[in-house]
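S.K.: Structure for this input, please:
(chains A and B)
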2 protein chains.
Amino acid sequence: PDEHAARAARARQDSLTKPPGSLGTLEDLAVFMAGWQGVERPRIEQAQALVFAGNHGVCARGVNPFPQEVTAQMVANFNAGGAAINQLCRVAGAELSVVALDLDRPTRDFTAGPAMDEAECLQAMRAGWEAVDLGADVLILGEMGIGNSTVAAALCAALFGGEASDWVGAGTGSDAEGRALKARVVAEGLALHGHLPPLGILAALGGREQAAIAGAVLAARIARVPVILDGFICTASAAPLHAADPAFLSHCLVGHRSAEAGHRRLLEALGKEPVLDFAMRLGEGTGAALALGVLRAALACHDGMATFADAGVSGG
Amino acid sequence: PDEHAARAARARQDSLTKPPGSLGTLEDLAVFMAGWQGVERPRIEQAQALVFAGNHGVCARGVNPFPQEVTAQMVANFNAGGAAINQLCRVAGAELSVVALDLDRPTRDFTAGPAMDEAECLQAMRAGWEAVDLGADVLILGEMGIGNSTVAAALCAALFGGEASDWVGAGTGSDAEGRALKARVVAEGLALHGHLPPLGILAALGGREQAAIAGAVLAARIARVPVILDGFICTASAAPLHAADPAFLSHCLVGHRSAEAGHRRLLEALGKEPVLDFAMRLGEGTGAALALGVLRAALACHDGMATFADAGVSGG
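M.R.: Predicted coordinates:
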């Protein structure tokens, strides 16, 4: 980030008609955006939202109560405007694109071998990379893929350690028995692939939408487009980059803390404080889209407020 | 609230294309609004924001580092559009009105006698009551008044017990010495007025903007207009009503948890969970206006999402 612009933004915050620091998180968000946009007064004119969808061979193990067809059905719902993310992008003023990645060709079951080989993983990363509008002022990322909370748990356990059960949660609605099955499946995947380096883990345990998110995060990092990650699965998709070098995620906010149990642990591992905490666990980028509304509010204060000098208010 | 409408809204939430409960707080907010508007699909077409301003005799005790003229200067800033609340109302789509209550005639110093007599308190409550647009779909409340974090601490200590120091915080920027002075001043006020019934406490320890907020909350309660309270001072202004009967505040959300120390304790006393927690401590209604954005997002999902049946998604 541009430290000069960030310092100028902090100085501006301290000159505005309020006690210094009294806008809390809103001040930090404005300074963050200033650093990444490289200007004292950052703007959001163009907000891009990208939702990547994929299917997962590990569903053969029965880790999700929903059939895999739901992934394509939900993509159709996104395209028809009927999902939560459509409403939240409209409210937050983000332009939504949905990228379905070979839904009729799921990855392989990672308990039997690598989910993707390197070429497949790089192809999905490239799809994510190429979907990014490098002229956007901010990028929101989300995902859809039946079975991918198991995939996210496997990625986290492989990258950050701990027991498989530490990272497994209810997902779309698994009961205690379902969660126990997910933990066993994740443990089997760890035994096969847990020794790999970060991008090897992404290929062997991840899915196409995870790789696409990682590719989009990289593209945005290079173009200095600030990113808002969503919940557990989206954040886990970017985590292999963090394991490779934490600086790959320095342009990323996390929109919310998911109710999915592993997210709290993952955020601690990444050292990221989420913007919101609404006990949501839907994915699709919904928590990130909500956080965009907060970001817009933060920039509106930063840009539109009078200074003590301008307003003739004493004691500034 | 209309329990029939609330139940219909909850049933609608469970039919929408997402795992039941996965929108967390957003679902609860939609159901809350349905109950108070008495319809399955609540709407926000007209959002009113009211900021009340007053001056306080207790400033003679030096409880605030800013001069009392700042109250009028900030009212001028509100009217010129330069304050944080102006920007946040614009972003959230709320129509802002500022009501300055006899700024050149501060209340009396509550350490020497009652801040207001009953007639003065009722007059200010009536000003609050009359400012409410009874046709609004939601009402946001905020305040401005140099010295009023001391007033809020006195109200809370008198209503809910505990030591004066439990309720005193930094306000606009008091240091440790300033906070110790505030605690001594609050303790003196408690010794004089702490034995009074709730509305007696509002008159003796409160200020005009506190009484106006209480009056506005009452008017909204009777007209079934849902309210979003702001931070510590705004919530404390409504607290005498809660002490009289908790049902007086059943139509009130609290927009955020302020960084002002007493707010956490006050929210626990009221049994209210705030919508947001951004370490803000500005007042003016800023936290409430931010929460309005979340409320709009919640209703957009509630109203705009497809059902499982409509979208042809399996497993609903």
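S.K.: Could you tell me how many residues sit around the closest residue to chain B within the stretch 201-316 of chain A?
M.R.: Residue of the stretch 201-316 of chain A nearest chain B, by CB to the nearest CB: residue A:306 (2.9 Å). For the C-beta atoms, the positions are set from N, CA and C on the backbone; glycine is no exception. Per other CB atoms under 10 Å in any protein chain shown, the neighbour tally for residue A:306 reads 19.
S.K.: wait, isn't residue A:284 in contact with residue A:145?
M.R.: No. Residue A:284 is beyond contact range of residue A:145, at 10.6 Å (criterion: CB atoms under 8 Å).
S.K.: Show me where chain A has its helices.
M.R.: Shown for chain A, the helices assigned by DSSP state H span residues A:3-15, A:25-37, A:69-80, A:84-92, A:118-131, A:148-160, A:164-167, A:176-193, A:198-205, A:208-223, A:232-244, A:262-270, A:286-304, A:308-311.
S.K.: The fifth one to helix A:198-205, inter-axis angle?
M.R.: It refers to helix A:118-131. If you take axes from the mean of the first three to the mean of the last three CA atoms, to 10 degrees, helix A:118-131 sits at 100 degrees to helix A:198-205.
S.K.: Show me what from the stretch 201-316 of chain A comes close to chain B.
M.R.: Residues of the stretch 201-316 of chain A lying close to chain B by CB under 8 Å from any CB of the partner chain are A:259, A:276-282, A:286, A:289-290, A:293-294, A:296-297, A:300-301, A:303-306, A:310-315.
S.K.: Let me know the pLDDT of the residue of the stretch 201-316 of chain A closest to chain B.
M.R.: Per-residue confidence at residue A:306 stands at 97 (pLDDT).
S.K.: got it, and residue A:176?
M.R.: 92.
S.K.: Quick check: it vs residue A:182, distance?
M.R.: In this view, residue A:176 and residue A:182 are 11 Å apart by CB to CB, to the nearest Å.
S.K.: Of the two, which one has the most company?
M.R.: Per other CB under 10 Å, whichever of residue A:176 and residue A:182 has more neighbours is residue A:182, with 28 against 8.
S.K.: Need the per-residue pLDDT for that one.
M.R.: Reported pLDDT for residue A:182: 96.
S.K.: okay but it is in contact with residue A:150, surely?
M.R.: Yes. Using CB under 8 Å, residue A:182 is in contact with residue A:150, at 5.0 Å.
S.K.: who touches both of those two?
M.R.: A:63, A:168, A:171 (CB atoms under 8 Å, 6 or more residues apart in numbering or on different chains).
S.K.: just to revisit the earlier point, put together a markdown table for the helices of chain A, with distance to residue B:121 on each row.
M.R.: Output for the helices of chain A, formatted as a markdown table (distance: least, CB to CB, whole Å):
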| stretch | distance to residue B:121 |
| --- | --- |
| helix A:3-15 | 38 |
| helix A:25-37 | 34 |
| helix A:69-80 | 55 |
| helix A:84-92 | 40 |
| helix A:118-131 | 61 |
| helix A:148-160 | 55 |
| helix A:164-167 | 56 |
| helix A:176-193 | 56 |
| helix A:198-205 | 65 |
| helix A:208-223 | 56 |
| helix A:232-244 | 51 |
| helix A:262-270 | 46 |
| helix A:286-304 | 34 |
| helix A:308-311 | 31 |
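S.K.: Chain B contacts on the stretch 1-150 of chain A?
M.R.: Contacts of the stretch 1-150 of chain A with chain B, taken as CB under 8 Å from any CB, map to A:16-26, A:65-67, A:69-70, A:73-74, A:76-77, A:80-84, A:86-88, A:90-92.
S.K.: Report the buried members of those residues.
M.R.: For the residues of the stretch 1-150 of chain A next to chain B, a neighbour count by 16 or more other CB atoms under 10 Å in any protein chain shown gives the buried set as A:16-19, A:21-26, A:66, A:70, A:73-74, A:76-77, A:82-84, A:86-88, A:91-92.
S.K.: just to revisit the earlier point, among the residues of the stretch 201-316 of chain A next to chain B, the buried ones, what's the PyMOL command?
M.R.: Of these, the buried ones go into a single PyMOL selection, burial set by 16+ other CB under 10 Å:
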select buried, chain A and resi 259+276+277+278+279+280+281+282+286+289+290+293+294+296+297+300+301+304+305+306+311+313
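S.K.: Where does pLDDT dip in chain A?
M.R.: Within chain A, the segments meeting pLDDT under 70 span A:315-316.
S.K.: go again using 90 as the cut-off
M.R.: Residue ranges of chain A with pLDDT under 90: A:1, A:65, A:170-174, A:314-316.
S.K.: domains for it, by residue range?
M.R.: The record's domain parsing of chain A by automatic domain parsing lists A:3-41+A:302-311, A:47-294.
S.K.: Redo the ones you listed as TSV? Include distance to residue B:133.
M.R.: Converted to TSV, the domains of chain A look like this (distance: least, CB to CB, whole Å):
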stretch	distance to residue B:133
domain A:3-41+A:302-311	25
domain A:47-294	23
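S.K.: just those: most buried one?
M.R.: Of all those, domain A:47-294 has the most neighbours on average by mean count of other CB atoms under 10 Å in any protein chain shown, namely a mean of 23.
S.K.: Let's see the distance spanning that one from one end to the other.
M.R.: With CA to CA, to the nearest Å as the measure, domain A:47-294 spans 13 Å from end to end.
S.K.: and what of stretch A:128-147?
M.R.: With CA to CA, one end of stretch A:128-147 sits 20 Å from the other.
S.K.: now swap in stretch A:169-178 and tell me
M.R.: 9 Å.
S.K.: Can you give the distance from it to the centre of its chain?
M.R.: 22 Å (CA atoms, centre = their mean, to the nearest Å).
S.K.: Report whether that stretch contacts chain B.
M.R.: Yes. Contact of stretch A:169-178 with chain B (CB under 8 Å from any CB) involves A:172, A:173.
S.K.: my guess is residue A:98 meets residue A:80, correct?
M.R.: No. Between residue A:98 and residue A:80 there is no contact under CB under 8 Å: 10.6 Å.
S.K.: if we can go back for a sec, surely the residue of the stretch 201-316 of chain A closest to chain B and residue B:84 touch.
M.R.: No. Assessed by CB under 8 Å, residue A:306 is found out of contact with residue B:84, at 9.9 Å.
S.K.: Now for the two: what residues contact both?
M.R.: A:16, A:17.
S.K.: which ones are touching residue A:30?
M.R.: A:9, A:13, A:42, A:298, A:299, A:301, A:302.
S.K.: cutoff 6 Å now
M.R.: Counting by CB atoms under 6 Å, 6 or more residues apart in numbering or on different chains, residue A:30 makes contact with A:9, A:298, A:299, A:302.
S.K.: Okay, the spatially closest residue to the last one that is not a sequence neighbour and residue A:140: tell me how far apart.
M.R.: Distances taken as CB to CB, 6 or more residues apart in numbering or on different chains put residue A:30 closest to residue A:302, at 3.8 Å, once the chain neighbours are dropped. Residue A:30 sits 18 Å away from residue A:140 when distances are taken as CB to CB.
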